[in-house]
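In: Could you work out the structure for the sequence below:
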Amino acid sequence: MADARNAPQILQHVSKTLTCTIYDTLWVPSSARFVLLGSSARSTGTIQVYELQGNDVNKLDEVDKQFSFKCGTFGASDLVNRQLATGDFKGNLQIWDLERLGYPVYHCKAHETIINAIDGVGGSGLGFGAPEIVTGSRDGRVCVWDPRQKDEPVSSFEPERADAARDCWTVAFGNSYNDEERCVAAGYDNGDIKLFDLRTGSVRWQTTVRNGVCGVEFDRKDVKMNKLVATTLEATFHVYDMRTHHPENGYSSLTEKVSHGTTIWGVKHLPQNRDIFAVLGGDGSVSIYKYSYPDQRSMKDVDGKSYGVLGQVHLLSSKVLSTQPIGAFGWSPDKEGLAVLGSFDQCLRVGIVTKLSKS
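Out: Take a look at the predicted model:
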């Protein structure tokens, strides 16, 4: 743990009890607004738009839809339109204009069953190349979509056998540093982590950890692959150095076990500092870690092949905010340390993490 006098503090700014199950929370880019996605008491989907006003939040809009929403992203939208892409429990991929939530501006049947995870790239100045959305589903498929092209994905990574498909729990874009390169990381219920290369349409790398992978995220989408964090069911997370790939051993990694001993539901890197990230605890906690680089990022083995050298992770701060797991978390892209989060006690919270710039 960092020096207590200078360590970041996790403060609860607003807490609001709702009547819906919260599955995702996202800040609207370049605004004081945020979006909540989830399931109402009637098992319909709910999109709620809020605005932060002083010490409270004001609900600006709310719509109910036929199917519950599981996940969302603004990653493929530009800063002018700020359109929200969502995945629901019936496999529908939709894009919404927040000013007119009556009907989606884009809709396709992306999967046969629930879309567990979604990510976007190419909008809001994040990443080169075309705007794209990636979805991961219980059907085992990972699909990449261009919002300008309906019904058919531009890339689809299928399980080898449909009867042996593993549940894809999490997806994330990365390596989008020019107009040609782009990768997707995916995590599965059996502990598999796969890295798909969208330029070649192939599996670039894969590994397996001991438990189901609940969350994966690159520290940045719009740079050459640097670090990848994966969180799992059994209170552990893994940090991979993605700069150096060894031909036999793959990417070097370190494993960190958290003290609360419960599932780590996800990981979210701080937009203003890619070496600081939050992990979401099954005990209702949020923990802030910082990665410190080694003096040397790579070395050569006895055969002259380069391999990555890992640094260390340091716990900066941790706080229990809920009696139930924190299932949704979103950093503000505009205000360092400001976050919106949702937990399974049906409570919406806005939090502030202090002193991050001094960490």
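In: Tell me the buried residues in stretch 300-319?
Out: Within stretch 300-319, the residues scored as buried using 16 or more other CB atoms under 10 Å are 307, 308, 309, 310, 311, 313, 315, 316, 317, 318, 319. Using the backbone N, CA and C atoms, a C-beta is placed for each residue, glycine as well.
In: same question, stretch 343-358
Out: Buried, per 16+ other CB under 10 Å, within stretch 343-358: 343, 344, 345, 346, 347, 348, 349, 350, 351, 352, 353, 356.
In: And stretch 248-268, by the same measure?
Out: Buried residues in stretch 248-268 (16+ other CB under 10 Å): 250-253, 256, 258, 260, 262-268.
In: Need the CA coordinates for that stretch. CSV is fine.
Out: C-alpha atoms of stretch 248-268 as CSV (Å, rounded to 0.1, in the frame of the first residue of the first chain):
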residue,chain,number,x,y,z
GLU,A,248,7.9,-20.4,-27.4
ASN,A,249,6.7,-18.8,-24.2
GLY,A,250,4.5,-16.0,-25.5
TYR,A,251,4.0,-12.8,-23.5
SER,A,252,5.5,-12.5,-20.0
SER,A,253,3.0,-12.0,-17.2
LEU,A,254,2.7,-11.5,-13.5
THR,A,255,-0.2,-12.7,-11.3
GLU,A,256,-1.6,-10.7,-8.3
LYS,A,257,-4.0,-12.1,-5.8
VAL,A,258,-6.3,-9.7,-4.0
SER,A,259,-7.0,-10.0,-0.3
HIS,A,260,-10.8,-10.1,-0.4
GLY,A,261,-10.7,-13.5,-2.0
THR,A,262,-13.7,-13.0,-4.2
THR,A,263,-14.3,-12.6,-8.0
ILE,A,264,-12.8,-9.6,-9.7
TRP,A,265,-15.6,-8.5,-12.0
GLY,A,266,-13.6,-6.2,-14.2
VAL,A,267,-10.7,-3.8,-14.8
LYS,A,268,-10.7,-0.2,-16.0
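In: tell me the average confidence for that stretch?
Out: On average, the pLDDT along stretch 248-268 is 96.
In: ok, so what distance separates residue 110 from residue 91?
Out: Counting by CB to CB, to the nearest Å, the gap from residue 110 to residue 91 is 6 Å.
In: Now the common contact residues for these two.
Out: Residues within reach of residue 110 and of residue 91 at once, by CB atoms under 8 Å, 6 or more residues apart in numbering, are residue 137.
In: Who has more neighbours out of these two?
Out: The neighbour comparison of residue 110 against residue 91 (other CB atoms under 10 Å) goes to residue 110, with 24 against 21.
In: Return the distance of the residue lying closest to the more buried one once chain neighbours are set aside relative to residue 100.
Out: In this structure, residue 110 finds its nearest non-sequential neighbour in residue 93, 3.9 Å apart by CB to CB, 6 or more residues apart in numbering. Distance of residue 93 to residue 100, computed by CB to CB: 18 Å.
In: Kindly report the same for residue 129.
Out: To residue 100, residue 129 is 28 Å away according to CB to CB.
In: what's the answer for residue 151, then?
Out: 23 Å.
In: out of residue 93 and residue 100, which sits in the more crowded spot?
Out: Using other CB under 10 Å as the criterion, residue 93 and residue 100 rank with residue 93 on top: 23 against 10.
In: Now do the phi/psi pair for that one.
Out: phi -100, psi 120 (degrees, to the nearest 10).
In: low pLDDT regions in the chain?
Out: Where the chain drops to pLDDT under 70, the residues are 1-4, 124-127.
In: try 80 this time
Out: 1-6, 124-127, 162-163, 359 (pLDDT under 80).
In: ok so, going back, restricted to strands, list the buried residues of stretch 248-268.
Out: Within the buried residues of stretch 248-268, residues falling in strands by DSSP state E are 250, 251, 252, 253, 256, 264, 265, 266, 267, 268.
In: the strands in the stretch 251-359 of the chain, which residues?
Out: In the stretch 251-359 of the chain, the segments counted as strands under DSSP state E, counting those that start in this stretch are 264-270, 273-281, 285-292, 298-300, 306-308, 312-320, 326-331, 338-343, 347-353.
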